[in-house]
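>>> Provided below for reference: sequence and predicted model.
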Amino acid sequence: MSGEPTPETSVPEEVAAQKSPQAKAANPSASASEAAEAEPKATAKKAAKAKEEKPFEQEITEDVIPAALAAFRKRGVEDLQLRLQGKTLIGSLEGGKKQFSVLFAEGSLNGRKFFRCATEGAPASTVESFMIDERRVDVNLLVFYLVQRVYAQGWY
């Protein structure tokens, strides 16, 4: 052969991935190797997820609070105070004049959450559902929603 590409090298990977079931059945070793490749990936994902899961309090104090402080500082908010009290993340701005809190009703990032805010020491006038459409919440998503919600309040 004069250096012509063989059919295996000339077929794009996308097309090869979309082979018909008959073609896959004709070449069982290919589907077996694909399954063998997928198995370690799935095992690695489960191991990484198990390794990442922390108790709620630890996750909030070690991951959420530092990430939220960094995100607010990036937007010019320097005086934010955050603390965890029970199942509630409490934040205050301007020396406590503006306060907000996120209540984690089930004690996890993926459970039901509520947001409330108040100014000048007044009790919270509204308690609203927070992140109700999100099924899999991670630290970055929670911080994004928190920054977005406080911004919507017009506090920075």
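Yep, that arrived. Numbering: from 1, shown residues only.
>>> only C-alpha atoms for contact and neighbour calcs from this point on.
Will do.
>>> nearest residue to residue 124 other than its sequence neighbours?
Computed as Cα to Cα, 6 or more residues apart in numbering, the closest residue to residue 124 that is not its neighbour in sequence is residue 118, at 4.7 Å.
>>> do residue 136 as well
The nearest residue in space to residue 136 (Cα to Cα, 6+ apart) is residue 110, at 6.0 Å.
>>> circling back to that earlier point, parallel or antiparallel, which strands does the helix or strand that contains the residue nearest to residue 124 pair with?
Residue 118 belongs to strand 113-119 when assigned by DSSP states H and E. Here strand 113-119 is paired, per DSSP bridges, with strand 98-104 (antiparallel), strand 126-129 (antiparallel).
>>> From residue 138, how far out is the nearest residue to residue 56 once chain neighbours are set aside?
Nearest residue to residue 56, sequence neighbours excluded (Cα to Cα, 6+ apart): residue 108, at 5.7 Å. For residue 108, the distance to residue 138 equals 10 Å [Cα to Cα, to the nearest Å].
>>> Same check on residue 99?
Residue 99 sits at a distance of 23 Å from residue 138 (criterion: Cα to Cα).
>>> domains of this protein?
The record's domain split for the chain, according to automatic domain parsing, is 7-52, 56-152.
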